[in-house]
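**Q** sequence and predicted structure below; questions after.
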Amino acid sequence: MSTTLLVCILVAQRAFAGNFLQKTPPQTLNVELQTQLDAVIAHYKTEFPNLAISLAYKDASQSVSMASGNVSGRGITPDDTFLYGSGTKPFTATAVLRLIDSGKVKATDKVSDIINPYLREHGQPPLNEFFGDAVDAATVLELIRMGAGIRDFEDDFTFDQWVLAPENSTKFWDTYPYDAMAFASSPLNTKGKGPLYCAPGNCTAYSSTSFEVAGLVLAAVLNPSSAWYEFDLGSALFPDRSLYPSMTFPPLGNGSAKLSKYLTVAGTSVASTWEQTTIHEQSPSILGWTCGNMVAKPGDVANFFFELLGEKAQAPLLSNASRAEMVDFQFLSTGWAAHKLRYGAGLMDLYYGYPPRGGLLEVHGHEGDTYGFLSSQGYIPSLQGGYSIVTNVDDERPLYAMACYFLQTLNATITGGDSDLGCSLTVTSATSLTLVV
């Protein structure tokens, strides 16, 4: 699941109404971060009474995890799990690249050749009946590089509103990816345009639907006789699950399970784009599958990014060629964030900070926005570490306030330099991009 998020590619300027957390030399990383985390929670507590924030950082020499906030009378700990929305996409892309590394598929293989037999076996029409004949030229690599031309089913939020409506959100959605694909190419979403943004290979356009189709590639190759909801993305990712004990990718074949089986922190949906409600007792089948269904604690997510891209990773997940593919960033050319966001293979090239007040810090990662949760995670090349931060409310302000202080403090502590990112708790006006992630 992935939705509208004000992304922090902050080359745009913002105006501030005060800097409530003073920039001071860190005492220790843990003490400084916990002080800032508690201050962000306190600042937004009146507006969001059940606000919780959890964060983590991992490099070759240190590991930090902490949390703050109370939800339903219970203090949140670093072991609590959250939703990550489109923060799932790097995991899906990694699983696809592992297929390529293993020789089970080629980057240039046609997607329709792989998944049409799977669709037929599971009672679904071929790919071209969803997206037109031109989609048959789309390749496996194009799916995760946003180059297949497949429209994002969230160009219009009607589908999300329908899914999250109380009468729908608690039922097991056993045709979710197929319904999302059909909606993506429907007139309501395309607004009278074609079922594709462009012919495959002729543009790049952000699309969660493309990552659902990537999930069908994984299922068709690794678990062809089973339904999509019986495929576990984690099994395609991790030869050793002990490094990521909290990480799950529901629904995991359980049609009767509620989201609360995996998710320990309830989220608060306040976004105008969909139903405003508490997120905890819904069916996990509504999360978007391989475009947004990950549940985890931030410590495991930070560890993933360190192992994925870290120069000193203990157990790299990909070949050097596939890692290079992930960070071969190119500007999106069509649709949302065209000519503004650089995208690789399942990764965004992000910059955090608020010039001219401060500098910018580059992150190779992904942001995520789903019902009731916002997240930011990735690998920081200059620090050689992975991080994750997540909030249980789908309002951007707590996330970006915390992300700025978090990254600023990491940078200053690890490099020992004067690392001012221009952070502030209060944003009085914003000219950052409205992005669909």
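**A** Sure thing, it's come through.
**Q** roughly how far apart are Ser319 and Trp274?
**A** For Ser319, the distance to Trp274 (C-beta to C-beta, to the nearest Å) stands at 39 Å. Glycine gets a C-beta too; all of them are placed from N, C-alpha and C.
**Q** of the two, who's got more company?
**A** Counted by other C-beta atoms under 10 Å, Ser319 and Trp274 do not tie: Trp274 has more neighbours, with 23 against 14.
**Q** now do the same contact list for the more buried one.
**A** Listed by C-beta atoms under 8 Å, 6 or more residues apart in numbering, the contact set of Trp274 reads Thr3, Phe157, Asp160, Gln161, Leu164, Tyr371.
**Q** try Met181
**A** Neighbour list for Met181: Phe130, Phe131, Phe153, Thr209, Glu212, Val213 [criterion: C-beta under 8 Å, 6+ apart].
**Q** pretty sure the fourth one contacts Ile150?
**A** What that stands for is Thr209. Yes - in terms of C-beta atoms under 8 Å, Thr209 counts as a neighbour of Ile150; the distance is 5.0 Å.
**Q** what touches both of those two?
**A** When C-beta under 8 Å, 6+ apart defines a contact, the residues bordering Thr209 and Ile150 alike are Ala184.
**Q** of those two, which one has the most company?
**A** Ile150 (31 against 26).
**Q** relative to Thr108, how far out is the closest residue to the more buried one other than its chain neighbours?
**A** In space, not counting the residues next to it along the chain, Ile150 is nearest to Ser210; the distance is 4.5 Å by C-beta to C-beta, 6 or more residues apart in numbering. Applying C-beta to C-beta, the value for Ser210 to Thr108 is 17 Å.
**Q** neighbour count for these two, which is higher?
**A** Neighbour count, other C-beta under 10 Å: between Ser210 and Thr108, Ser210 has more, with 26 against 10.
**Q** assign that one to helix, strand or coil.
**A** Per DSSP: H, G, I helix; E, B strand; the rest coil, the local secondary structure of Ser210 is helix.
**Q** what does the one 3 residues further on give?
**A** Under the three-state scheme (three-state DSSP), the conformation of Val213 reads as helix.
**Q** that one touches Ile150, doesn't it?
**A** Yes - in this structure, Val213 is within contact of Ile150 by C-beta under 8 Å, at 6.3 Å.
**Q** show me whatever sits in contact with both of these two.
**A** Leu143.
**Q** residues contacting Arg98?
**A** Arg98 is in contact with Ala236, Leu237, Leu317, Leu318, Ser322, counting by C-beta under 8 Å, 6+ apart.
**Q** for Glu230, same thing?
**A** Neighbours of Glu230 in contact, by C-beta under 8 Å, 6+ apart: Asn223, Leu252, Gly253.
**Q** burial count for the closest residue to Val71 other than its chain neighbours?
**A** Nearest in space to Val71, with sequence neighbours left out and distances taken as C-beta to C-beta, 6+ apart, is Asn50 at 4.8 Å. When neighbours are counted by other C-beta under 10 Å, Asn50 registers 18.
**Q** next: the one 10 residues further on.
**A** The tally of other residues near Ala60 (other C-beta under 10 Å) stands at 13.
**Q** ok, Leu361 touching Thr409?
**A** No - here Leu361 does not reach Thr409: they are 11.1 Å apart, not a contact under C-beta under 8 Å.
**Q** sorry, back to before: now the contacts of Glu230: which count as buried?
**A** Neighbour counting over the contacts of Glu230 (16 or more other C-beta atoms under 10 Å) leaves Asn223, Leu252 as the buried ones.
**Q** where does pLDDT dip in the stretch 1-150 of the chain?
**A** Along the stretch 1-150 of the chain, segments meeting pLDDT under 70 span 1-27.
**Q** name the residues that touch stretch 245-254?
**A** Residues outside stretch 245-254 that contact it (C-beta under 8 Å, 6+ apart) are 79, 81, 88, 91, 172, 226-227, 229-230, 232-234, 241, 257, 259, 261-262, 283-285, 287, 290, 293-297, 299-301, 304.
**Q** sorry, back to before: closest to Ile144 out of the contacts of Glu230?
**A** For those, the residue nearest Ile144 by C-beta to C-beta is Asn223; the value is 18.8 Å.
**Q** need the helices for the chain, in chain order.
**A** With DSSP state H, the ranges of helices along the chain come out as 29-44, 89-102, 111-121, 127-131, 140-144, 158-164, 166-169, 176-184, 187-190, 208-222, 233-237, 298-309, 320-326, 396-415.
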